[in-house]
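Trainee: I would like the atomic coordinates for the input below:
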Amino acid sequence: MKGGRVEEQGTHAELLQNNHVYKELVDAEVKLSNLSSGIGEIETA
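Mentor: I've put the predicted structure just below:
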């Protein structure tokens, strides 16, 4: 959405391929999910 209007429509796969903003959102969600589940956690020695 941009300015209250739908900017892009499509399937998840189509939006990932064609929409930079959607891909950034999905990537951020995956990163947060991985961090909260301990995947990708930084180990301290």
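
Trainee: mind listing the helices for this protein?
Mentor: Using DSSP state H, the helices found in the chain span residues 12-18, 20-36.

Trainee: got a markdown table for these, with mean neighbour count too?
Mentor: From N, CA and C alone the C-beta is placed, and that goes for glycine too. As requested, the helices of the chain are exported to a markdown table (neighbours: other CB atoms under 10 Å):
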| stretch | mean neighbour count |
| --- | --- |
| helix 12-18 | 12 |
| helix 20-36 | 12 |
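
Trainee: pick out the shakiest of these, pLDDT-wise.
Mentor: Mean pLDDT is lowest for helix 20-36 among the helices of the chain, at a mean of 89.

Trainee: CA atoms only for that helix, dumped as CSV, please.
Mentor: The C-alpha atoms that make up helix 20-36 are tabulated as CSV, following Å, rounded to 0.1, in the frame of the first residue of the first chain:
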residue,chain,number,x,y,z
HIS,A,20,11.3,-4.9,-3.7
VAL,A,21,9.4,-3.5,-0.7
TYR,A,22,7.4,-6.8,-0.2
LYS,A,23,10.7,-8.8,-0.3
GLU,A,24,12.3,-6.6,2.3
LEU,A,25,9.3,-7.0,4.5
VAL,A,26,9.4,-10.8,4.2
ASP,A,27,13.1,-10.9,4.7
ALA,A,28,12.8,-8.8,7.9
GLU,A,29,10.0,-11.1,9.2
VAL,A,30,12.1,-14.2,8.6
LYS,A,31,15.1,-12.7,10.3
LEU,A,32,13.1,-11.7,13.4
SER,A,33,11.5,-15.2,13.5
ASN,A,34,14.9,-16.8,13.2
LEU,A,35,16.4,-14.6,16.0
SER,A,36,13.4,-15.3,18.3
